[in-house]
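1. A predicted structure for the sequence below; I have some questions about it.
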Amino acid sequence: MKIVFYGSGNMANAIFTGIVNSKSIEPENIYLTNKSNLEVLEGYHESLGVSYSYDDAELLKDADYVFLSTKPYDFLKLAERIKPYITNDNKFISIMAGLPISYIREHLQVDNPIARIMPNTNAHVGHSVTGISFSTNFGPNSKQEVLTLIEAFGTALEVKEDHLHQVTAITGSGPAFLYHVFEQYVNAGTKLGIEQSQVEESIKELIIGTGKMIERSDLKMDQLRKNITSKGGTTQAGLNALSNHDIEAVFLDCLNAAVKRSIELAEAEED
Ligand SMILES: NC(=O)C1=CN([C@@H]2O[C@H](COP(=O)(O)OP(=O)(O)OC[C@H]3O[C@@H](n4cnc5c(N)ncnc54)[C@H](O)[C@@H]3O)[C@@H](O)[C@H]2O)C=CC1
Ligand SMILES: O=C(O)[C@@H]1CCC=N1
């Protein structure tokens, strides 16, 4: 199997690093390219053993899966770049937030199978949650190949294409929202008077430990929370203070804004 990444930025990097680490594909069969940063490509070749090129005829020849990994607003230039070299073998996998399959097909001017995926950068550690939606001409064998590819860097969630806006908000952007919460928690902890570096290290370990509890325990998160909340104790006092703020409303506001932006990205390109 030959895979090509058009775009070797933050998200593509997490995906192909996850695939290489999973040892599911020989690194030399993963080809990278980008706009013009040869140094980045040489670096990944050195560190991961992947191939790279700027020769689009070479890249697309016998390529089974072609990841469209540019920012949405760079896609039209990318489409102009690759259109002359697309072959019938090429099945496209877009990671571009918001851009509908119909829009991608319109600008690539091909009938090739197209899938949209919405991963996140936890692919670096094999824990991406990846939403996926396939064009109707994506055959069952190819679908399974793509799902196996995605499972090399996390879990796959097949959804209707319209629901990719919500998946983008909840899990695509999700790590950034949680990093923001963790940053504020560190800031608050530091305000209690402990050395910031100590607070950062202890909260980093707290997050990792809590994640492992969620991963390994059979209990749901509400029970795990209750198991810490001694009656009339410190945790109850802290949770009472938290309940004075509508945390759910804060996150709903955050997620709605991300969904709105995803829809705007789709509409902006269709205008
Ligand atoms: N960063 C993230 O956590 C996630 C990003 N995405 C999506 O992934 C896509 C890329 O995002 P990032 O990796 O953050 O951006 P980035 O800016 O880090 O990477 C963009 C890449 O596209 C390349 N590129 C631009 N024009 C090109 C062209 N004409 N031909 C070939 N390569 C070209 C750039 O050289 C760069 O390697 C976006 O569409 C974004 O919506 C999806 C899920 C999560
Ligand atoms: O912020 C963005 O648009 C991309 C899509 C999801 C995460 N990063």
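-> Structure received. Ligands and ions are numbered 1, 2, ... in the order given.

2. for the residue of the stretch 101-250 of the chain found nearest ligand 2, what are its contacts?
-> Nearest to ligand 2 in the stretch 101-250 of the chain, going by Cβ to the nearest ligand atom, is Gly172, at a distance of 3.5 Å. For glycine as for every other residue, the C-beta is placed from the backbone atoms N, C-alpha and C. Counting by Cβ atoms under 8 Å, 6 or more residues apart in numbering, Gly172 makes contact with 97, 118-120, 131.

3. again, only this time at 7 Å
-> 97, 118, 120 (Cβ atoms under 7 Å, 6 or more residues apart in numbering).

4. how about the nearest residue to Gly131, chain neighbours excluded?
-> Of all residues not flanking Gly131 in the chain, Val167 sits nearest, at 3.3 Å (Cβ to Cβ, 6 or more residues apart in numbering).

5. okay but the one you found is in contact with Ile117, surely?
-> No. Taking Cβ atoms under 7 Å as the definition, Val167 is not a contact partner of Ile117, at 9.5 Å.

6. Need the residues touching each of those two.
-> Joint contacts of Val167 and Ile117 (Cβ under 7 Å, 6+ apart) are Gly131.

7. related to what we said a few turns ago, contacts with ligand 1 among the contacts of Gly172, please.
-> Of the residues in the contacts of Gly172, proximity to ligand 1 by Cβ under 6 Å from any ligand atom holds for 97, 118, 120.

8. Tell me how far the nearest residue to Ser53 once chain neighbours are set aside lies from Ser8.
-> Among residues not flanking Ser53 along the chain, Leu59 sits closest, at 5.4 Å (Cβ to Cβ, 6+ apart). Relative to Ser8, Leu59 is positioned 12 Å away (Cβ to Cβ, to the nearest Å).

9. helix or strand for Lys231, which one?
-> Using DSSP states H and E, Lys231 sits in no helix or strand.

10. again, but for Ile93
-> Per DSSP H and E: Ile93 is located in strand 91-94.

11. That strand near ligand 1 at all?
-> No. On the criterion Cβ under 6 Å from any ligand atom, strand 91-94 is out of touch with ligand 1, staying 8.0 Å away.

12. what number of residues lie near the residue in the stretch 1-150 of the chain positioned nearest to ligand 1?
-> Closest residue of the stretch 1-150 of the chain to ligand 1, Cβ to the nearest ligand atom: Gly9 (1.9 Å). When neighbours are defined as other Cβ atoms under 10 Å, Gly9 has 16 of them.

13. OK, contacts around it?
-> Ser69.

14. For Leu265, list the residues it contacts.
-> Counting by Cβ under 7 Å, 6+ apart, Leu265 touches 72, 97-99.

15. Please read the previous query as pertaining to Ile207.
-> Ile207 touches Phe182, counting by Cβ under 7 Å, 6+ apart.

16. Residues of the stretch 151-271 of the chain that sit close to ligand 2?
-> Neighbours of ligand 2 within the stretch 151-271 of the chain, by Cβ under 6 Å from any ligand atom: 168, 172-173.

17. repeat that with 8 Å
-> 168, 172-173, 176, 258, 261-262, 265 (Cβ under 8 Å from any ligand atom).

18. May I see the buried residues of stretch 79-91?
-> Buried residues in stretch 79-91, counting neighbours by 16 or more other Cβ atoms under 10 Å, are found at 79, 81-82, 86, 90-91.

19. and of these, the nearest to ligand 2?
-> Nearest member of those to ligand 2, counting by Cβ to the nearest ligand atom, is Ala79, at 19.0 Å.

20. For Arg105, see how far away the closest one is.
-> 10 Å.
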